[in-house]
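Chemist: I would like to see how this sequence folds:
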Amino acid sequence: MSLLRAGLNKLTGIFRNQGGILSRLLSQDASPSVVKETKEVITTCNKLIEDRVSRNFAIVHLLGKQWRVTDGDLLVVEGHWPPNIGDKIRLDKVLLAATKDFSLIGRPLVQPGLVNVTATVISKGLSHTKTHFKKKRRKQYMKIHFQRLPQTMLRINTVEIANRINEAPKNVYE
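Modeler: Prediction:
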């Protein structure tokens, strides 16, 4: 135990004195070739967004689960959810957006306003009946529970990468 504690103290001392890993990585000057290469990658991605060469997809966080969605997909979401049939909604929690050629990864979410995912509520109802059966043998004990959860069906209308990459975000409220 004392050996583990000594090792942890040594590691914290190293990172405290040198400012941590991130500060060491950021303090190194980026070479001009790296800066030029990143600018080329960003311009290529912006051109692909304008041309709409391939189909966009996104990974969206919705009601505690992550979903991979593209245009025209149907989602069946379990649990109580307030929107009514016919409501158009915008899914804001986008974790990743991508095409065949490039991807935008959020930390943890992609920048607000960069990706627009819109959906329409198609139907609301109950799931199929789930049966929970409990039995203890030789004890005259048996229980059967039936359960039907509320479900909402969504149609994904569009997945758009709206803004240009690496630009300052525009104020939505102007």
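
Chemist: Helix or strand with the lowest mean pLDDT in this protein?
Modeler: Lowest on mean pLDDT, DSSP states H and E among the helices and strands of the chain sits helix 20-27, with a mean of 44.

Chemist: quick one, strands of this structure?
Modeler: 57-62, 65-70, 74-78, 88-91, 94-98, 103-105, 115-126, 130-136, 141-147, 150-161 (DSSP state E).

Chemist: Between the ones you listed, which one is closest to residue 39.
Modeler: Between residue 39 and the strands of the chain, the tightest spacing by C-beta to C-beta is seen for strand 103-105, at 16.6 Å. From N, CA and C alone the C-beta is placed, and that goes for glycine too.

Chemist: who touches that closest one?
Modeler: 95-98, 110, 114-115, 161, 165 (C-beta atoms under 8 Å, 6 or more residues apart in numbering).

Chemist: which among those gets closest to residue 155?
Modeler: residue 115 (18.0 Å).

Chemist: what's near enough to touch that closest one?
Modeler: Per C-beta under 8 Å, 6+ apart, neighbours of residue 115: 58, 94, 97, 104, 159-162.

Chemist: go on, residue 151?
Modeler: 76-78, 124-127.
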